[in-house]
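1. The sequence and its predicted three-dimensional model are supplied below.
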Amino acid sequence: MIEITDFDPPRPYAACSQLGNLIFVSGETGVDPTTGEIPADIEAQAEQALRNIETTLRRVGSDLNHLLRLTVYLTDISDLKAVSRTRQRVLPRSIPSATVGVTAFAQPEMKVEIEATAALPG
């Protein structure tokens, strides 16, 4: 297994790990990695989380077309429709997923976290 840790800006955890042609992306939130800002809007947070996943996948030679599964964590399950709209707009196709309601994340303004499993092309 390979853990990918060399990201700019640096992270205190592995952004993803790779086993064979599978990539397991750590939970991504709506935090902009360059500014540290967190949008107030749930759709903007979900889009940023998906863009963070996209950035990680590109770093290891994959992309959103090769997503296999998502797990979405929400502090307010009623935000599911808004997150689903964002997924439909950002992702190239529908993929299997699960949604889990949670109490809180590391920062109180965070509303969504998304984990992903993807494959390398080919």
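-> Now that the structure is in, tell me what you want to look at.
2. so where's the longest helix in the protein?
-> For the chain, the helix reaching the highest residue count under DSSP state H is reported as helix 42-59.
3. Now do the buried residues in the following helix or strand past it.
-> Next along the chain after helix 42-59, taking DSSP states H and E as the criterion, comes strand 67-74. By 16 or more other CB atoms under 10 Å, the buried positions in strand 67-74 come out as 67, 70, 72-74. In short, each C-beta sits where N, CA and C put it, glycine included.
4. do stretch 87-95 as well
-> Neighbour counts over stretch 87-95 (16+ other CB under 10 Å) mark 87, 90-91, 95 as buried.
5. Same check on stretch 73-83?
-> Quick answer for stretch 73-83 (16+ other CB under 10 Å): 73-75, 79, 82-83.
6. circling back: tell me the one of the buried residues of stretch 87-95 nearest Glu47?
-> Distance to Glu47 across these (CB to CB) is lowest for Val90, with 5.8 Å.
7. what's the spacing between the closest residue to that closest one other than its chain neighbours and Ala119?
-> Residue nearest to Val90 in three dimensions, not counting chain neighbours: Leu50, with 4.8 Å by CB to CB, 6 or more residues apart in numbering. Separation of Leu50 from Ala119 (CB to CB, to the nearest Å) stands at 17 Å.
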